[in-house]
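1. Here you go, sequence then predicted model.
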There are 2 protein chains.
Amino acid sequence: MAPKQPLVVDCDTGIDDALALLYLLGDPEVDLRAVTTVFGNTDAGTAAANTLRVLEMLGRDDVPVAVGARTNRRGTFHLAPYVHGDDGLGNTGLPAPVGAASGEPAAELIVRLARENPGRLNLLAVGPLTNLAAALDLEPRLPELVGHVTVMGGAAHHPGNVTPVAEANIHNDPEAARIVLRAVWDVTLVPLDVTMTEVLTEEHQRSLRAGGSPAAEFAAAILDHYLGFYERRTFGVRQAACHDPLAAAIAVGDVEPLLAPVVDVDVDTGDGPGRGMTVADTRGQYLGFPAQDAARVRVVLRTAGTFADLLVERLCGTGGERSRHVA
Amino acid sequence: MAPKQPLVVDCDTGIDDALALLYLLGDPEVDLRAVTTVFGNTDAGTAAANTLRVLEMLGRDDVPVAVGARTNRRGTFHLAPYVHGDDGLGNTGLPAPVGAASGEPAAELIVRLARENPGRLNLLAVGPLTNLAAALDLEPRLPELVGHVTVMGGAAHHPGNVTPVAEANIHNDPEAARIVLRAVWDVTLVPLDVTMTEVLTEEHQRSLRAGGSPAAEFAAAILDHYLGFYERRTFGVRQAACHDPLAAAIAVGDVEPLLAPVVDVDVDTGDGPGRGMTVADTRGQYLGFPAQDAARVRVVLRTAGTFADLLVERLCGTGGERSRHVA
């Protein structure tokens, strides 16, 4: 879908965020202009350090990293070391990065790059949406300035992963998510409905280990913790969801969704059992999703289920950068 | 599952409520002790008149009918003539019933019958849960006195039918639904996930028309309006959901669900976009639904999809009363 225009990734790096970055950096056509970080899987500072580690591993110290929100719009935060390890990268104990984060706040960087590339800058957000909401606060014209927005988050028909109905990125800052998902720009939402069906297995991990590239070896190492979490808490076998890498692949047009209706999406910002839930109006499913007035969010409901193969190929440097993934 | 013990049906008759009553009355082993009515598809008084019409059609004026709540716990109500017709029975213009509703309020009747049949009375609720919540208010020991409760309502993974996430029975009185679904009794919840996949088609309507019994002819007549609504608003073809009859068949053990985990269920009683949603905790789906502390609601997530055939057979009097419906 979205062509490979200038891209900013907003993330909370995080095991699957790191995999998403490795995936994007494996394609020389992807024009990654900056990475901004937010609390979530880990704190925003650690997320920046982890992002720098990934960039430096691939010699990409040209990509600026900017730290963003350390809390959500209510001033609270929740981190997930049980999913991503105490260091956010599966307790792999990587050395500190050589470089440092830019002094520019994440939201300001997003606004500046949008103004410098009017109508062309794409955004990929794979953490809580606090930075994007802050950027919208700073520049109300941001929706006109930005090309396309891709968000990993939410759940349409699939259960949540933090509450029975809420997914972590949205639940971490429902107020911000509501602002971002109801702004007047085109958003592609990549929810658990598809990220939970695109899974990395032990077989994939073995392929990564044998892959020979630094990216593949690193991916295999950080996957250990992630596979363990998913085995214990979700799947009962050593396989892990491809949340952020799948959203990255959709953002740059490598994966074409098989079903992705444009529907009205709201976010529950109350304090009841639905807090942090994405309320996607999929009632038109039997009629082929008739157009809904003012709806702008394309909700990805089905993908082919074979993305993990592409991810592994890409990280091993065996052609993943050229292949196009169609059902 | 539930044996054919003394049964009270609480309903808002209603096209599919009428079909559910016809289904139950077609089995001489079903011990229907009373029908109580509530606002919903139509007003509680019309629902009682419609129930009497159905009972009298089959010569069952021995079954008492009691009128219950005319509004929800907030004192408001919403009716659905666009679904069920102005008369609640597809504008079929049936004559007024000969008999009249009992003077006993619905909630009091439920409590009385529960006390008279301690541990044996089963409840089937296919409308808003206002009467059952009122009965729990009247008699806090009701959960000990009642056998099993079956409720048609809610949506787990399926979209709602009133809002993107809320089903009509629950949305009509979320406060009552929350009381009923969190009381300390065993509930089987029959949500849209299954009632939308068990459909009556024009072919079924033709079979009913040719069936020869008064019940079948009447069912074919009231289906006209219902098929029209579902064609226009939901399916795009003339077929209709089997909401209440399916719940009835599950309540008396004729249909065995293929997947029905016992999980924690909450109801959103806030005023946000999730109001009236059932929040069923199905996060354990990949692990075969491990036991959840204190969970008592069995949520039916899958049935065989062939119930409409059984319903038609039963109404035509061609053996549906004897067949047992297993996948």
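-> Great, that's in hand.

2. what residues does the stretch 101-250 of chain A put near chain B?
-> Counting by C-beta under 8 Å from any C-beta of the partner chain, the positions of the stretch 101-250 of chain A adjacent to chain B are A:157, A:158, A:159, A:160, A:161, A:163, A:164, A:165, A:234, A:235, A:236. Any C-beta I mention is one placed from the backbone N, CA and C, and that applies to glycine too.

3. Just the helices from chain A, written as ranges.
-> If DSSP state H is used as the criterion, the helices of chain A fall at A:15-25, A:44-57, A:81-84, A:106-116, A:130-138, A:142-145, A:168-172, A:174-182, A:192-195, A:202-209, A:214-230, A:243-251, A:307-316.

4. Tabulate these (CSV), appending mean neighbour count and mean pLDDT.
-> CSV is the format used below for the helices of chain A (neighbours: other C-beta atoms under 10 Å in any protein chain shown; pLDDT from 0 to 100):
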stretch, mean neighbour count, mean pLDDT
helix A:15-25, 28, 98
helix A:44-57, 24, 97
helix A:81-84, 19, 95
helix A:106-116, 21, 98
helix A:130-138, 25, 98
helix A:142-145, 18, 98
helix A:168-172, 28, 98
helix A:174-182, 24, 98
helix A:192-195, 26, 98
helix A:202-209, 18, 98
helix A:214-230, 21, 97
helix A:243-251, 29, 98
helix A:307-316, 24, 97
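
5. Out of those helices, which is closest to residue B:69?
-> Nearest to residue B:69, of all the helices of chain A, is helix A:174-182, at 33.7 Å by C-beta to C-beta.

6. could you say what helices and strands that closest one packs with?
-> Packing partners of helix A:174-182 (3 or more C-beta pairs under 8 Å, 6 or more residues apart in numbering or on different chains; DSSP states H and E): helix A:130-138, strand A:146-152, strand A:187-190, strand A:265-267.

7. what's the closest non-adjacent residue to the closest residue to chain B within the stretch 51-200 of chain A?
-> Taking C-beta to the nearest C-beta, chain B has its nearest neighbour within the stretch 51-200 of chain A at residue A:164, 4.0 Å off. Of all residues not flanking residue A:164 in the chain, residue B:281 sits nearest, at 4.0 Å (C-beta to C-beta, 6 or more residues apart in numbering or on different chains).

8. got a pLDDT number for residue A:320?
-> Listed pLDDT for residue A:320 reads 44.

9. Relative to chain B, which residue of the stretch 151-300 of chain A is the closest?
-> For the stretch 151-300 of chain A, C-beta to the nearest C-beta, closest residue to chain B: residue A:274, 3.2 Å.

10. residues near the nearest residue to that residue once chain neighbours are set aside, how many?
-> Leaving aside its sequence neighbours, residue A:274 sits nearest to residue B:274 (C-beta to C-beta, 6+ apart; 3.2 Å). By other C-beta atoms under 10 Å in any protein chain shown, 29 other residues sit near residue B:274.

11. what does residue A:40 give?
-> Neighbours of residue A:40 (other C-beta under 10 Å): 30.

12. how about it, what does it touch?
-> A:12, A:14, A:47, A:79, A:80, A:127, A:128, A:168, A:169, A:172 (C-beta atoms under 8 Å, 6 or more residues apart in numbering or on different chains).

13. Contact partners for the spatially most central residue of chain A?
-> Centroid check for chain A by C-alpha atoms, centre = their mean gives residue A:126 as the closest residue, at 2.3 Å. Contacts of residue A:126 were listed using C-beta under 8 Å, 6+ apart, and they are A:9-12, A:14, A:16-17, A:20, A:151-153, A:169, A:243-244, A:247-248.

14. Kindly state the pLDDT recorded for it?
-> 98.

15. cool, and residue A:305?
-> Residue A:305 is given a pLDDT of 96.

16. what's the answer for residue A:324, then?
-> pLDDT recorded at residue A:324 is 42.

17. now swap in residue A:93 and tell me
-> What the model reports for residue A:93 is a pLDDT of 89.

18. Quick check: it touching residue A:86?
-> No - using C-beta atoms under 8 Å, residue A:93 is not in contact with residue A:86; the gap is 9.9 Å.

19. Of these two, which one has the most company?
-> Ranked by neighbour count (other C-beta under 10 Å), residue A:93 and residue A:86 place residue A:86 first, with 14 against 10.

20. Dihedrals phi and psi, the more buried one?
-> Residue A:86 has phi and psi values of phi -60, psi -30 when expressed as degrees, to the nearest 10.

21. Let me see the confidence value for it.
-> Per the predicted model, pLDDT is 95 at residue A:86.

22. give me every residue that touches it.
-> Counting by C-beta under 8 Å, 6+ apart, residue A:86 has no contacts.

23. And it, how far from residue A:78?
-> 15 Å (C-beta to C-beta, to the nearest Å).

24. Tell me which residue of chain A is furthest from the middle?
-> residue A:287 (30.3 Å).

25. mind listing what that residue touches?
-> B:234, B:235, B:236.

26. wait, doesn't the second one sit right on residue A:286?
-> Pointing back at residue B:235 there. Yes - using C-beta under 8 Å, residue B:235 is in contact with residue A:286, at 5.0 Å.

27. So the two - more neighbours on which side?
-> residue B:235 (18 against 15).

28. quick one, what contacts the more buried one?
-> Per C-beta under 8 Å, 6+ apart, neighbours of residue B:235: A:286, A:287, B:199.

29. Let me have those in CSV, extended by distance to residue B:143 and pLDDT.
-> Listed next are the contacts of residue B:235 as CSV, based on distance: C-beta to C-beta, whole Å; pLDDT from 0 to 100:
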residue, distance to residue B:143, pLDDT
A:286, 37, 97
A:287, 41, 97
B:199, 34, 98
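
30. which of these lies closest to residue B:29?
-> For the contacts of residue B:235, the nearest to residue B:29 is residue B:199 (26.6 Å; C-beta to C-beta).

31. Can you report how many residues lie near that closest one?
-> For residue B:199, the tally of surrounding residues (other C-beta under 10 Å) stands at 18.

32. Any idea what it is bridged to?
-> Beta bridges link residue B:199 to residue B:241 when assigned by DSSP bridges.

33. any idea how far residue B:146 is from it?
-> 31 Å.

34. try residue A:113
-> For residue A:113, the distance to residue B:146 equals 63 Å [C-beta to C-beta].

35. Equivalent analysis for residue A:192, please.
-> 37 Å.

36. what do you get for residue A:132?
-> Per C-beta to C-beta, residue A:132 is found 51 Å from residue B:146.

37. Over to residue A:116?
-> Counting by C-beta to C-beta - residue A:116 and residue B:146 are separated by 68 Å.

38. now swap in residue A:100 and tell me
-> 66 Å.

39. which one of those two has more residues nearby?
-> residue B:146 (27 against 12).

40. Any idea how far stretch A:189-198 is from the middle of the chain?
-> 11 Å (C-alpha atoms, centre = their mean, to the nearest Å).

41. Need the contact partners of it.
-> So stretch A:189-198 is contacted by A:150-161, A:167, A:181, A:241-243, A:246-247, A:250, A:257, A:265, A:278, A:280, A:297-303, A:305-308 (C-beta under 8 Å, 6+ apart).

42. Between the two ends of that stretch, what distance do you get?
-> 15 Å (C-alpha to C-alpha, to the nearest Å).
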